[in-house]
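[1] When you get a sec, could you give me coordinates for this:
(2 chains)
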Protein chains: 2
Amino acid sequence: MTGPILAKDLSHHLSEEAKSRQASTLKLAFKHFSDPRIVSLGGGLPLPDLFPFNSLKVETLNPPFSRGIDVFPESSDEALEVVVAKSRAQIEHDHDIPLETALQYGSSAGNTQIVEFLREHTRIIHSPKYQDWDIVMSVGNTQAWDSTLRTFTTRGDVIFAEQFTFSSAAETVHANGVKIFPVPTDLEGIDAEAFAEILANWEGPIPKLLYTIPTGQNPTGGTMPAERRKKVYDLACKYDFIIVEDEPYYFLQMHEYKFGATAADLPPVPSHDEFLKSLVPSYLSLDTEGRVLRLDSFSKVLAPGSRLGWIVGQERLIERFLRQHEVTIQVASGFSQAILNGMLHRWGQEGYLDWLIQLRRNYTLKRNVALDAVKKYVPSEVADWIAPSAGMFFWIQLDASKHPDYEKLGRDPAAVEMQIYERGIEDGVLMIPGHWFVIEDERAAKPPSREGRQFMYFRGTFASVKPEALDKGLNIFGDLIKKEYQL
Amino acid sequence: MTGPILAKDLSHHLSEEAKSRQASTLKLAFKHFSDPRIVSLGGGLPLPDLFPFNSLKVETLNPPFSRGIDVFPESSDEALEVVVAKSRAQIEHDHDIPLETALQYGSSAGNTQIVEFLREHTRIIHSPKYQDWDIVMSVGNTQAWDSTLRTFTTRGDVIFAEQFTFSSAAETVHANGVKIFPVPTDLEGIDAEAFAEILANWEGPIPKLLYTIPTGQNPTGGTMPAERRKKVYDLACKYDFIIVEDEPYYFLQMHEYKFGATAADLPPVPSHDEFLKSLVPSYLSLDTEGRVLRLDSFSKVLAPGSRLGWIVGQERLIERFLRQHEVTIQVASGFSQAILNGMLHRWGQEGYLDWLIQLRRNYTLKRNVALDAVKKYVPSEVADWIAPSAGMFFWIQLDASKHPDYEKLGRDPAAVEMQIYERGIEDGVLMIPGHWFVIEDERAAKPPSREGRQFMYFRGTFASVKPEALDKGLNIFGDLIKKEYQL
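    Next up, the predicted model:
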């Protein structure tokens, strides 16, 4: 008979800072605060009677969102009013967090009601294979990532990340005094074979963390196929490192790209089961040892300003985040918690899946417009791209060595990129130069070149751009590339 | 002719981490994002059309709150509905932050509308004497303090703090690998003469920071008189350190204590001018060199769950916090910003002062009940206290060396405290043992004893306790002390 699968003890990876964190001495007294036999003169809490918020209401939409999610409700069926009352006695939904609780000091784990929703959501989407996993709330993935670095690294450490990565995530690493070793990455994410070779030849202690954006990667738009993820996960087990999957774009997984496809060509709305099966497996879902930390958030799915995210991982590590949050951010805003919780519990897990299904349709259409325009306007003689299957970005690769000014610009792809970037702005289009996302190996002399060619890249987004503007912008960009390459 | 007063350059105090922080490269492109001549495919922002929040409403109170602030509105004059719309075109108040902005990614400084309110508030309350001061938003003073430590200290550093201080603030320091040197403190705050002597005899580099809670100190409840603040500020200038004033309780400054005083005995509601003049001057208001960082928050004044605070200091230092927040917390919740901003702009600066004036009355009455009970029940033969003039706490000093079990408990005041604490819980009252707040000088062998007596302390709060419970709890505590001391 085998028992439940439990996470491995990975506490040897904790940083000096994380190891030294103590539970608050004051917390020793907390357990008595709510004991009715005791008059507590202990906690320095303001009385909720003095919170000037008697109730809170948001107007939102009602599932199943059959007309889409970017609409105003046209009937009372489509509209949903979420009213969160101040006191427990007045709440209109069993799972509401009354404002007297939401706006009071509380646990850094987050309010029970919303954490329970997130826990159930995590079970539905990822079905973690080991038993002792837990959740702690963050104020978004940027903070969750900083918090992760503090939990595991010390100044001077090295971590792994994709060779192109979100520049702000890299800046978070550098400001913590940590270096990044770039892992070879192509348009489908980390090259697992190349990574295996690097690890096999690694000298000195293996870095503790791999930071990765496996789905709809920023900047490349790439999504790691399941087999690659499995291989990288096996490497993590073999070489004992932790995988940090930063997954804001996970639910921006789109339908397949076909040139010229419109809304009418989209597949029918899937069942929840079909939807769940269509999602690429997360690292969390593969994890049997508790060596994945998943950074999740509502920023790309509901609204960035909610500043509410969550970290999933093994209990022992999550407890260390909790101790850190108690003396740093404490917890996400009570307004955010009360509002999102109120809406999500009224939607239910099923309604939230309906939202995510519609979100996918929405992003698919925008991606299609962008890719159609790339195909129409950007000359394939010098440019290369794939249709992103997730996220907000597309990534265009150009051969810098074929650019007429390549020699004049010192054979430096970054210089050619900047010339095109600046001329683009003059012409009326802004695409982000790829070298802003490049992680240089600070230990090697020079990045390796592939087949003697020097690539350059541009990142574009379709997330925040209306269809006509997407077409116009890429038309300008395509014309510029032709002009630059004298095509 | 003299020019404006400008802050001194204190960048030599910045930590390695703070010095190394770079502005985001992506930010270079931000200036073009809103240029109508350019199609921006740059920013990875979700479209606000997809935020499922069409409007947001809070029910609150209308100034001048003449029946107090812990009431439900009884007339339409007393009630205020704050409705924040999604789009700029729909907003009902000029200063509202439309949800499409509040819930989008934005500047880590905070939304202009609320920052302008806070800036004006800071001018009204503190009238900073130098010109180049600025504000950055935090997610509360706990985070602001952690952020300050990261901005100025490196593992191994030493800072100054009151010899009794908020245990969670001390834990934040310790987890950052920083040590605290305890500054002698009595019931009115830092002993400036003793501090001057310590500084005059200091060997090695002077610590960069003094952390202090000058008003309604936690745990002692003490409030530093203006003259003491001036002396400590002069020491900061002379010895070149930065004063971090953590001031959550600043507006919990109360009317004078008189035994048995009830609501009827309170002075009449003051004019705004009288109110402003009655406030103890902040360190910020004394600062001519830009060496004060003020940590402010709405937690004790409106609601802790807003998780919205702000840091005031000189521009050059505030800019370093901004760079840090960009890659950590980003900014406070957009829901919190939209709601607080909506309410505060409708109240206006005058209405907010009305709120603060009523808050003071409310706390005064609770403090009075607590102090009356202390006076009635706690035996003054062995106990000492002062009436706190600000904050949430009172602090009772007892002579441990007179306790019958003093020898038996190894002449250890902390052990006597714990015995009383535990017996208190058995009897039905919880007061927090003072040694949980003691900062031990980690450099000296033993803390100095005063006049050969060994003191112990208990912290109580009146903030969250109803009058009858306060009286009952302190009755139990007083009886316990009499029993313990065999009086």
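[2] mind listing what the closest residue to chain B within the stretch 151-300 of chain A touches?
    Using CB to the nearest CB, the single residue of the stretch 151-300 of chain A nearest to chain B is residue A:172, 4.2 Å away. Backbone N, C-alpha and C define where each C-beta goes, glycine included. Counting by CB atoms under 8 Å, 6 or more residues apart in numbering or on different chains, residue A:172 makes contact with A:142, A:145, A:146, A:149, B:327, B:328.
[3] Where helices are concerned, which of the residues you listed count?
    Among the contacts of residue A:172, the members falling in helices (DSSP state H) are A:142, A:145, A:146, A:149.
[4] Pretty sure the residue of the stretch 151-300 of chain A closest to chain B sits in a helix.
    Yes. Counting by DSSP: H, G, I helix; E, B strand; the rest coil, residue A:172 falls inside a helix.
[5] any idea how far it lies from residue B:28?
    Separation of residue A:172 from residue B:28 (CB to CB, to the nearest Å) stands at 18 Å.
[6] Surely residue A:375 is in contact with residue A:258?
    No. Counting by CB atoms under 8 Å, residue A:375 sits too far from residue A:258 to count as a contact (11.0 Å).
[7] And stretch A:373-384, end to end?
    End-to-end distance for stretch A:373-384: 14 Å, by CA to CA, to the nearest Å.
[8] ok so, going back, and the gap between the residue of the stretch 151-300 of chain A closest to chain B and residue B:22?
    11 Å.
[9] Same question for residue A:81.
    45 Å.
[10] Which of those two has more residues huddled nearby?
    residue A:81 (16 against 13; other CB atoms under 10 Å in any protein chain shown).
[11] hang on, isn't the more buried one packed against residue A:56?
    No. Residue A:81 lies out of contact with residue A:56 (CB under 8 Å); the separation is 11.2 Å.
[12] following the helix or strand bottoming out on mean pLDDT in chain A, which helix or strand shows up next?
    Ranked by mean pLDDT, DSSP states H and E, the helix or strand of chain A with the weakest confidence is helix A:27-33, at a mean of 80. Next in sequence after helix A:27-33, counting helices and strands by DSSP states H and E, comes strand A:39-40.
[13] Direction-wise, compare the helix or strand just after that next one with strand B:55-61 and give the angle.
    Downstream of strand A:39-40, the next assigned helix or strand under DSSP H and E is strand A:55-61. Angle of strand A:55-61 versus strand B:55-61, following axes from the mean of the first three to the mean of the last three CA atoms, to 10 degrees, is 170 degrees.
[14] list the helices and strands strand A:55-61 packs on?
    Packed against strand A:55-61 by the contact rule (3 or more CB pairs under 8 Å, 6 or more residues apart in numbering or on different chains; DSSP states H and E) you find strand A:79-85, helix A:334-377, strand B:55-61.
[15] 10 Å instead?
    strand A:79-85, helix A:99-102, helix A:334-377, strand B:55-61, strand B:79-85, helix B:334-377 (3 or more CB pairs under 10 Å, 6 or more residues apart in numbering or on different chains; DSSP states H and E).
[16] could you give the angle of that strand to helix B:334-377?
    Using the same axes, to 10 degrees: strand A:55-61 against helix B:334-377 is 160 degrees.
[17] before we move on, back to that, could you check which of residue A:375 and residue A:258 is surrounded by more residues?
    Under the criterion of other CB under 10 Å, the comparison of residue A:375 against residue A:258 puts residue A:375 first, with 16 against 12.
[18] From residue A:385, how far out is the more buried one?
    Distance from residue A:375 to residue A:385, by CB to CB: 9 Å.
[19] and stretch A:409-418, anywhere near chain B?
    No. Taking CB under 10 Å from any CB of the partner chain as the criterion, stretch A:409-418 and chain B are apart, separated by no less than 10.5 Å.
[20] Provide the contact partners of that stretch at residue level.
    A:398-406, A:408, A:419, A:431-436, A:438, A:449, A:453-458, A:484 (CB atoms under 10 Å, 6 or more residues apart in numbering or on different chains).
[21] restrict the residues you listed to those near chain B?
    Near chain B, taking CB under 10 Å from any CB as the test, the members of the contacts of stretch A:409-418 found are A:431, A:432, A:433, A:435, A:436, A:458.
[22] For the residues you listed, give me a markdown table that also has neighbour count, distance to residue B:392 and pLDDT.
    A markdown table is the format used below for those (neighbours: other CB atoms under 10 Å in any protein chain shown; distance: CB to CB, whole Å; pLDDT from 0 to 100):
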| residue | neighbour count | distance to residue B:392 | pLDDT |
| --- | --- | --- | --- |
| A:431 | 27 | 54 | 97 |
| A:432 | 27 | 49 | 96 |
| A:433 | 25 | 53 | 95 |
| A:435 | 19 | 53 | 93 |
| A:436 | 21 | 48 | 93 |
| A:458 | 25 | 56 | 97 |
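[23] Mind checking which of those land in strands?
    Among those, DSSP state E puts A:432, A:433, A:458 in strands.
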